[in-house]
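**Student:** Just the structure for this:
(chains A and B)
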Protein chains: 2
Amino acid sequence: MGINSVMADISPIRLVIHGGAGAIKRGKLKAELEHAYTQALAQSLMAGYAVLAAGGSSIDAVIAAIVVMEDCPLFNAGKGSVFSHTGRNELEASIMEGSTLMAGAVAAVTTIRNPILAAHAVMTKSTHVMLMGEGAEAFAAEQGLAIVDPSYFYTQFRWDQLQKAIAKEHVLRDHDAGVLLPDEHEKRGTVGAVALDRHGNLAAGTSTGGLTNKRFGRVGDSPIIGAGTYADNRSVAVSATGTGEMFIRAAAAFHTAAQVRLQHKPIADAANNVLAEIAAMGGDGGLIVLDAEGNHAMCFNTIGMYRGVIGSDGIARVGIFPGAETPTPEK
Amino acid sequence: MGINSVMADISPIRLVIHGGAGAIKRGKLKAELEHAYTQALAQSLMAGYAVLAAGGSSIDAVIAAIVVMEDCPLFNAGKGSVFSHTGRNELEASIMEGSTLMAGAVAAVTTIRNPILAAHAVMTKSTHVMLMGEGAEAFAAEQGLAIVDPSYFYTQFRWDQLQKAIAKEHVLRDHDAGVLLPDEHEKRGTVGAVALDRHGNLAAGTSTGGLTNKRFGRVGDSPIIGAGTYADNRSVAVSATGTGEMFIRAAAAFHTAAQVRLQHKPIADAANNVLAEIAAMGGDGGLIVLDAEGNHAMCFNTIGMYRGVIGSDGIARVGIFPGAETPTPEK
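**Tutor:** Numbers count the residues shown, from 1 in each chain, chains lettered A, B, ... in the order given. Prediction:
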């Protein structure tokens, strides 16, 4: 990189991620599992940081960070996705670029290994924003993305979750599983990332396996631009996790961005206002927010949220419970 | 109705509808067809007005108005839906209630006669906001809604449109068909309605047959809460029609509402700001907006928009081209 481009690219770099928000109780999360989560979050942060530190784009950093979490069975996205009522894994994801307002999303896909890559392909290789079901799968295959047998998404733990949920005839929210099934292994969620690159461009992405025991082709907020994901260089990049229906009704991601753009609200205030409206509807969850100056917020009104942040110093800071995120070397 | 309830229910009633925006050229629209459109719009307005005048809810008025347009072959929604590339009619719709922020939507449905009724059932009879595909159809059937053979949606005119589009290998936007196929019969679009009832409650709904020759399970803005539809008693009810992808990226309906709520912008200014952002992305279309005091706007940056409004005087006013809407008795 020449001096001119270094001079031109003076924006601080930053990546913020989440791995779901929910009833994660301190003291109930076993030490080994807590360690596994913090390591997975640190690995995701380092993957995205490598892109940003090398001068790569925020959109590529978001993808790199999310792919790590999609490939990790700990999170309800990609490999670790929960089962729908009919025993399928119906995945959804979305991505958006703050400089162009380009966006892509997929919903109800069952054979795409990394839905965030499919969302990106929709954004960059089609004239559309949102594709669903078999059509989205056919498009992903045409684009050369990794297609897997649906059995790839089988994990014994998630299958057992479904059987218990069917027995209880209850639709489980991924991160609320702990309410019905007080096992700390089950408090897991949707993943997401927001990034700022050296060029000052924001991006946001979100990926999920949805709800255990969901029926009727339910679509949550994760693939909805404006609800689960939004990015606009004029305001912020946002990714959401929580009770998807309320996040759609609140247009959670866009409303966060709108308060920053239209009212110049501090980003944490904007996110907390949205979470308060969602709480008034009976919902909960979290929002990660990043502005074009590198200011970030990780807000949640649940007991905990798997989350992390990395900036120009290259130190991954990770948190699960309320309180400051702590440096967590990848091991 | 007793005096007390009359005293309590003093809000003006109003219903605003659209039947799609696009390259509808004055002088190219044959007189008989123009008459058919104005009559269909007036019929839709009178159906919704009957609900409001009888003290019914804005949500029921929105449904009544949209069902008339879904059942009319002139509009690209319900009966008149366009064909996807594979020769299917994949319909989508959404609805939202401004007093509760409750919402419902369906996408990629092929057998539900009136998708707006299915969207309403999702809102009122499920814990979800958005259902898609076969799951949504199974839910609608469980709810006792009219299920039809996909051949119900066959119209010779739409089939011919698809064959021409395949021949040209071009994805046609419903209301842009005229650009490729300069026949005034083909400038038709998505339908929508916004209403204010005597109780001061707003509602909005949108229904569409999508894009001629669309592929890969494409979802547009019509079933996306925040993009094609939004309603909030604190600001406005909005329904959109146009280049769906840009309306999603702009979060068109919610952004209109947000400017009114957060910045107290006049409603037409809010809508025109959104249309300007969509134009900057290369898109166009229209927005109908109604606030809780009964002020309304019908904005479009296309050549024309099928539209109409009716208020407490019970006179249906209809327009297609720019300029004031004119009284149009139903005949």
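**Student:** other SSEs contacting the strand ranked longest in chain A?
**Tutor:** Assignment by DSSP state E gives strand A:14-22 as the longest strand of chain A. Counting by 3 or more Cβ pairs under 8 Å, 6 or more residues apart in numbering or on different chains; DSSP states H and E, the packing neighbours recorded for strand A:14-22 are helix A:31-53, helix A:58-71, strand A:191-196, strand A:236-242, strand A:285-291, strand A:296-300, strand A:304-310. Yep, even glycine has a C-beta here, placed from its N, CA and C like the rest.
**Student:** how about the ones you listed, which one is nearest chain B?
**Tutor:** Nearest to chain B among the helices and strands packed on strand A:14-22 is strand A:236-242; the distance by Cβ to the nearest Cβ comes to 11.5 Å.
**Student:** which outside residues touch whatever helix or strand comes next after the closest one?
**Tutor:** Later in the chain than strand A:236-242, the nearest helix or strand by DSSP states H and E is helix A:244-249. Residues outside helix A:244-249 that contact it (Cβ atoms under 8 Å, 6 or more residues apart in numbering or on different chains) are A:211, A:220-222, A:224, A:227-228, A:240, A:252-253, A:278, A:281-283, A:285, B:96, B:101-103, B:127-130, B:225-226.
**Student:** cool, stretch A:126-134 as well?
**Tutor:** When contacts are defined by Cβ under 8 Å, 6+ apart, stretch A:126-134 is touched by residues A:94, A:103-109, A:118, A:122-123, A:139, A:219, A:223, A:225, B:107-108, B:132-133, B:171, B:216-220, B:224, B:244-245, B:248-249.
**Student:** Listing request: residues of the stretch 201-331 of chain A with sub-threshold pLDDT.
**Tutor:** For the stretch 201-331 of chain A, the stretches with pLDDT under 70 are A:330-331.
**Student:** State the pLDDT value of A:Gly80.
**Tutor:** The confidence metric pLDDT takes the value 88 at A:Gly80.
**Student:** which residues sit in contact with it?
**Tutor:** So A:Gly80 contacts A:Cys72, A:Pro73, A:Leu74, A:Thr155, A:Arg158, A:Arg188, A:Gly209 (Cβ under 8 Å, 6+ apart).
**Student:** burial measure for the nearest residue to the first one once chain neighbours are set aside, as a count.
**Tutor:** Taking Cβ to Cβ, 6 or more residues apart in numbering or on different chains as the measure, A:Cys72 lies nearest to A:Ala40, with 4.9 Å between them; neighbours along the chain are not counted. In terms of burial, A:Ala40 registers 23 neighbours under the definition other Cβ atoms under 10 Å in any protein chain shown.
**Student:** Quick check: A:Ala40 vs A:Glu34, distance?
**Tutor:** Distance, A:Ala40 to A:Glu34, by Cβ to Cβ, to the nearest Å: 11 Å.
**Student:** who in the stretch 201-331 of chain A is up against chain B?
**Tutor:** Contacts of the stretch 201-331 of chain A with chain B, taken as Cβ under 8 Å from any Cβ of the partner chain, map to A:215-220, A:224-227, A:230, A:244-245, A:248-251, A:254-255, A:258-259, A:262-263, A:281.
**Student:** Give me the buried subset of those residues.
**Tutor:** Listed as buried from these are A:215-220, A:224-227, A:230, A:244-245, A:248-251, A:254-255, A:258-259, A:262, A:281; burial here means 16 or more other Cβ atoms under 10 Å in any protein chain shown.
**Student:** Can you flag which of the residues you listed belong to helices?
**Tutor:** Assigned to helices by DSSP state H, the following of those qualify: A:Gly244, A:Glu245, A:Ile248, A:Arg249, A:Phe254, A:His255, A:Ala258, A:Gln259, A:Leu262.
**Student:** Pull the number of nearby residues for the nearest residue to A:Glu34 once chain neighbours are set aside.
**Tutor:** Counting by Cβ to Cβ, 6+ apart, the nearest residue to A:Glu34 once its immediate chain neighbours are dropped is A:Ile320, at 6.7 Å. Using other Cβ under 10 Å, A:Ile320 is surrounded by 21 other residues.
**Student:** Please report the distance of A:Ile320 from chain B.
**Tutor:** 28 Å (Cβ to the nearest Cβ, to the nearest Å).
**Student:** So which bits of the stretch 1-150 of chain A are right by chain B?
**Tutor:** With Cβ under 8 Å from any Cβ as the criterion, the stretch 1-150 of chain A meets chain B at residues A:96, A:101-103, A:107-108, A:126-136, A:138-139.
**Student:** try 6 Å this time
**Tutor:** A:Leu101, A:Ala103, A:Ala108, A:His128, A:Val129, A:Met130, A:Leu131, A:Met132, A:Gly133, A:Gly135, A:Ala136, A:Phe139 (Cβ under 6 Å from any Cβ of the partner chain).
**Student:** What about those residues, which are in strands?
**Tutor:** Checking the residues of the stretch 1-150 of chain A next to chain B against DSSP E, those in strands are A:Ala103, A:Ala108, A:Met130, A:Leu131, A:Met132.
**Student:** one step back: and the residues of the stretch 1-150 of chain A next to chain B, which two are furthest apart?
**Tutor:** Pairwise distances across these peak at 25.4 Å for A:Leu101 and A:Gly133 (criterion: Cβ to Cβ).
**Student:** How about the contacts made by whichever residue of the stretch 151-300 of chain A sits closest to chain B?
**Tutor:** At 2.7 Å from chain B, A:Gly217 is the closest residue in the stretch 151-300 of chain A, using Cβ to the nearest Cβ. Going by Cβ atoms under 6 Å, 6 or more residues apart in numbering or on different chains, A:Gly217 touches A:Ala108, B:Leu131, B:Met132, B:Gly133, B:Gly135, B:Ala136.
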